[in-house]
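>>> structure for this input, please:
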Amino acid sequence: MGSPFRLGIRITKRLLSFGSAVDAMHERDTLDIGEHFLLSHVGVLPTLQGKGLAGGMLKEILVDVDKAGLPIYLYTGNDRNEEMYKKYGFVTCSQVFLGDGDLKLVMR
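Below is the predicted model:
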């Protein structure tokens, strides 16, 4: 049986590029913000999307964020996800073009 972590060279390069862009944007855009949360990964299997699962997870996370009284940041390259985040009070702060799409920093 093959490894479920075998991504191939194209996906691996994309992930490395994404990671480097996230690091650079985070350092640049949160330099004077102080303490904050960074939401790294939220994902729902394609067969389960559209059922409110991501929103449910996000609501639970935001309860703790709100209790702490700190801002929260995340990165997305997906316009559909960006629209969902806006429903929870996130705004797009910056974006960079990665060659096959935009990477956006959103915060709340």
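>>> just the element for Tyr75, please.
strand 72-76 (DSSP states H and E).
>>> which of the residues in the next helix or strand after that strand are buried?
Downstream of strand 72-76, the first helix or strand assigned by DSSP H and E is helix 79-87. Buried residues in helix 79-87, defined by neighbour count with 16 or more other C-beta atoms under 10 Å: 81-82, 85. Placement of C-beta: from N, CA and C, glycine included.
>>> stretch 88-108 too?
By neighbour count on 16+ other C-beta under 10 Å, the buried set for stretch 88-108 is 90, 95, 103-108.
>>> again, but for stretch 11-19
Going by neighbour count (16+ other C-beta under 10 Å), the buried part of stretch 11-19 is Arg14.
>>> spatially central residue for the chain, please.
Tyr75 (3.2 Å; C-alpha atoms, centre = their mean).
>>> my read: that residue touches Lys104, true?
Yes - here Tyr75 reaches Lys104: they are 6.8 Å apart, a contact under C-beta atoms under 8 Å.
>>> low pLDDT regions in this structure?
1-7, 99-101 (pLDDT under 70).
>>> ok, which stretches of it are strands?
All strands of the chain, identified by DSSP state E, fall at 37-39, 72-76, 91-97, 102-107.
>>> ok, which of these comes nearest Ser17?
Ser17 lies closest, by C-beta to C-beta, to one member of these: strand 102-107, at 9.0 Å.
>>> who does that closest one pair up with?
Applying DSSP bridges, strand 102-107 is found paired with strand 72-76 (antiparallel), strand 91-97 (antiparallel).
>>> can you list these in CSV and add distance to Ser20?
Output for the strands paired with strand 102-107, formatted as CSV (distance: least, C-beta to C-beta, whole Å):
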stretch, distance to Ser20
strand 72-76, 12
strand 91-97, 10
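>>> right, so of the ones you listed, which gets closest to Gly55?
Closest approach to Gly55 among these (C-beta to C-beta): strand 72-76, 13.7 Å.
>>> got the contact list for that closest one?
Strand 72-76 is contacted from outside by 22, 25-26, 29-30, 36-40, 42, 61-62, 65, 82, 85, 90, 93, 103-108, using C-beta atoms under 8 Å, 6 or more residues apart in numbering.
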